[in-house]
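Trainee: Coordinates for the following, if possible.
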Amino acid sequence: MHQMSAKPSVAPIARRIRDECLASPLRRLSRVVNAIYDEALRPIGLTVAQLNLLAAIAGLDEDATAARIARALEIEKSTLSRDLARLEAGGLVRRREGGREKRLELTARGAKLLEAAVPAWERAQARAAAALPSLPLLARTLREEEPVRRARPECD
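Mentor: Next comes the predicted model:
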């Protein structure tokens, strides 16, 4: 005789999560947008993650430490270490002594590449905005520190 399973059906839960979860479509959106930028930047040998890292180092100037960059970009230290190693190996970034923490700075080659990336970045910006018209509004919302800080779980 066939015995019925005593476990409840979780299919309704699965459907609800599939249909209502905010994280899943945002992850897909992130992959689509990254692909747009990576495609545009590929001819100059950068990914969008590397471009953002170069820009963060340049933007922080004398205050560019690994910890500050990780916080500014909201990335894991292990991801930052891996990406920095690639940029250092490519001669785009160097570490220098600067007090308790080593400072990061763009090399002349890194600064030139960052400058050269602007037209490709602008094309990617335009393509992403055209493909996803609500993306600029979403990006502006995410840049507003207060709403994002209130929604972010404590990580420290």
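
Trainee: just so I have it, where are all the helices in the chain?
Mentor: Here the chain has its helices, by DSSP state H, at 11-20, 23-41, 48-60, 66-73, 77-89, 108-131, 135-143, 145-151.

Trainee: Relative to residue 101, which of the ones you listed is closest?
Mentor: With distances scored as Cβ to Cβ, the stretch of these nearest to residue 101 is helix 66-73 (6.9 Å). No exception for glycine: its C-beta is placed from N, CA and C like everyone else's.

Trainee: Pull the distance from that closest one to the chain's centre.
Mentor: Distance, stretch centre to chain centre, for helix 66-73: 12 Å (Cα atoms, centre = their mean, to the nearest Å).

Trainee: circling back to that earlier point, which of the helices of the chain comes out lowest on mean pLDDT?
Mentor: Lowest mean pLDDT within the helices of the chain: helix 145-151, a mean of 62.

Trainee: Report the central residue of the protein.
Mentor: Nearest to the geometric centre of the chain sits residue 49, at 5.7 Å (Cα atoms, centre = their mean).

Trainee: wouldn't it be in contact with residue 83 here?
Mentor: Yes: assessed by Cβ atoms under 8 Å, residue 49 is found in contact with residue 83 at 6.0 Å.

Trainee: pretty sure residue 77 is touching residue 68, no?
Mentor: No: contact criterion Cβ under 8 Å: residue 77 and residue 68 do not qualify, at 11.7 Å.

Trainee: Which of those two has more residues huddled nearby?
Mentor: Using other Cβ atoms under 10 Å as the criterion, residue 77 and residue 68 rank with residue 68 on top: 16 against 11.

Trainee: quick one, what contacts the more buried one?
Mentor: Contacts of residue 68 were listed using Cβ atoms under 8 Å, 6 or more residues apart in numbering, and they are residue 60.

Trainee: on that earlier part again, ok, now how distant is the residue nearest to the centre of the chain from residue 41?
Mentor: Distance, residue 49 to residue 41, by Cβ to Cβ, to the nearest Å: 10 Å.

Trainee: just residue 107 next, same as before
Mentor: On the measure of Cβ to Cβ, residue 107 and residue 41 end up 18 Å apart.

Trainee: Compare the two and say which is more crowded by neighbours.
Mentor: Set residue 107 next to residue 41 and count neighbours by other Cβ under 10 Å: residue 41 wins out with 20 against 15.
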